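> this one's structure only:
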């Protein structure tokens with residue numbers, strides 16, 4: 001029958017069920033045929049590996065935590081994420097969820113408009129800034145001993161003595177080893193419920209000033225829940241960074257699996273019109 005005769009056609013953008021079935025079966029038969037050809041899967045794998053080498057990388061490290069309803073958040077300012085299944089395969093022919101989450105949940109980006117009226121929103125940030133040389137400065141040993149320590153200028157200068165000056169246009173990630181705590185929310189927030197306080201590391205204002213005034217960076221980030229450490233009530237480091245037109249990343253993952261230098265940060269950022277932040281997919285290529 002014509003699509004016009006199919007009751008669901010108008011709801012499916014004019015595509016009738018029969019046409020959809022033909023397309024689905026054609027795709028399935030195509031996959032089956034490929035699987036039946038000896039060596040096809042191996043050839044595809046080799047091609048993918050060769051493609052990675054062609055554009056200059058062999059490894060990809062995911063710097064992103066999965067977003068889920070149990071992701072730890074500042075509940076004073078941010079509601080926990082929520083997800084509900086809206087349609088299911090058995091009843092409706094497809095699966096789909098509805099998500100509700102704050103922009104600043106999970107591994108996410110802070111953009112200039114988060115801290116300044118009229119500044120750039122998520123959809124306005126330069127696309128080229130989402131690909132940058134990645135420099136990882138580590139202070140995990142100290143953070144393990146002192147939960148409220150900060151990344152310092154001395155840490156950055158020590159990094160440069162080992163690796164050379166920070167590249168122009170770099171993104172600087174502060175590795176406190178904090179991401180390993182993510183499956184224990186109280187440890188990630190380091191929450192003292194009796195005292196109603198939290199304790200976690202962050203970037204020092206002096207280090208932020210050094211990066212912003214003495215070096216050329218697109219932004220900096222941390223594997224903790226905030227750029228500022230927990231003892232700072234006023235988000236000074238946020239303001240310093242974001243009011244210069246740069247961006248920050250919070251709750252990064254797996255920084256200990258990335259070399260200090262020589263990798264490239266690649267960000268997938270939802271283009272939310274007017275957004276003050278957004279969950280992202282961050283990865284390191286090297």
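That came in fine, so what should we check first? Since this is a predicted model, take the numbers as computed values, not measurements. Numbers count the residues shown, from 1 in each chain.

> quick one, strands of the stretch 101-250 of the chain?
108-110, 131-138, 150-151, 170-175, 191-192, 197-198, 202-203, 217-222, 247-250 (DSSP state E, counting those that start in this stretch).

> can you tell me which of those the model trusts least?
Looking at the strands of the stretch 101-250 of the chain, the lowest mean pLDDT belongs to strand 191-192 (a mean of 74).

> Show me how far that one is from its chain's centre.
25 Å (CA atoms, centre = their mean, to the nearest Å).

> other SSEs contacting that strand?
strand 197-198 (3 or more CB pairs under 8 Å, 6 or more residues apart in numbering; DSSP states H and E). Every residue, glycine included, has its C-beta placed from N, CA and C.

> from the chain's centre, how far out does the strand it packs on sit?
25 Å.

> and residue 165, how many residues sit next to it?
10 (other CB atoms under 10 Å).

> Where does pLDDT dip in this structure?
Counting by pLDDT under 70, the low-confidence segments of the chain come to 1-46, 193-196.

> In it, mark out all the helices, start to finish.
17-36, 40-54, 89-92, 140-145, 153-163, 185-189, 205-214, 236-242 (DSSP state H).

> Off-centre distance for the shortest one?
So that's helix 89-92. 32 Å.

> Residue 162 touches residue 259, doesn't it?
No. Contact criterion CB atoms under 8 Å: residue 162 and residue 259 do not qualify, at 11.3 Å.

> what about these two, which has more around it?
A count of neighbours by other CB under 10 Å puts residue 259 above the other of residue 162 and residue 259, at 14 against 8.

> Need the nearest residue in space to that one, chain neighbours excluded.
residue 286 (6.2 Å; CB to CB, 6 or more residues apart in numbering).

> Around that neighbour, how many other residues sit close by?
15.

> what residues are up against it?
By CB atoms under 8 Å, 6 or more residues apart in numbering, the contact set of residue 286 is 57-59, 61, 258-259, 262-264.

> Which members of those residues occur in strands, if any?
61, 263-264 (DSSP state E).

> Just the buried ones from those residues, in ChimeraX syntax?
This is how ChimeraX selects the buried members of the ones in strands among the contacts of residue 286, with burial counted by 16 or more other CB atoms under 10 Å:
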select :61,263
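
> want to throw the ones in strands among the contacts of residue 286 into TSV with distance to residue 49?
Formatted as TSV, the ones in strands among the contacts of residue 286 follow (distance: CB to CB, whole Å):
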residue	distance to residue 49
61	16
263	18
264	18
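
> what's the closest of the ones in strands among the contacts of residue 286 to residue 218?
residue 264 (12.0 Å; CB to CB).

> Distance check, that closest one against residue 61.
Distance, residue 264 to residue 61, using CB to CB, to the nearest Å: 11 Å.

> who touches both of these two?
Joint contacts of residue 264 and residue 61 (CB under 8 Å, 6+ apart) are 284, 286.

> give me the number of residues near residue 67?
Neighbours of residue 67 (other CB under 10 Å): 17.

> of the ones in strands among the contacts of residue 286, closest to residue 176?
When the ones in strands among the contacts of residue 286 are compared against residue 176 (criterion: CB to CB), the nearest one is residue 61, at 17.0 Å.

> Surely the closest one touches residue 282?
No. Checked against CB under 8 Å, the pair residue 61 and residue 282 is beyond contact range at 9.5 Å.

> so what's residue 256 up against?
Contacts of residue 256 by CB under 8 Å, 6+ apart are 138, 140, 175, 177.

> List the contacts of residue 271.
Listed by CB under 8 Å, 6+ apart, the contact set of residue 271 reads 122-123.

> One more pass at 10 Å, please.
121-125, 127, 278 (CB atoms under 10 Å, 6 or more residues apart in numbering).

> What's the separation between it and residue 127?
Computed as CB to CB, the residue 271 to residue 127 distance reads 9 Å.

> before we move on, what about residue 157?
Taking CB to CB, one finds residue 157 at 32 Å from residue 127.

> quick one: which of those two has more around it?
More neighbours surround residue 157 than the other of residue 157 and residue 127, with 12 against 9 (other CB under 10 Å).

> OK, contacts around the more buried one?
Here residue 157 is in contact with 137, 207, 210 (criterion: CB under 10 Å, 6+ apart).

> same deal with residue 249?
63-64, 107-110, 171, 173, 219-223, 227, 265, 267, 280, 282.

> what's across from it in the sheet?
residue 109, residue 221 (DSSP bridges).
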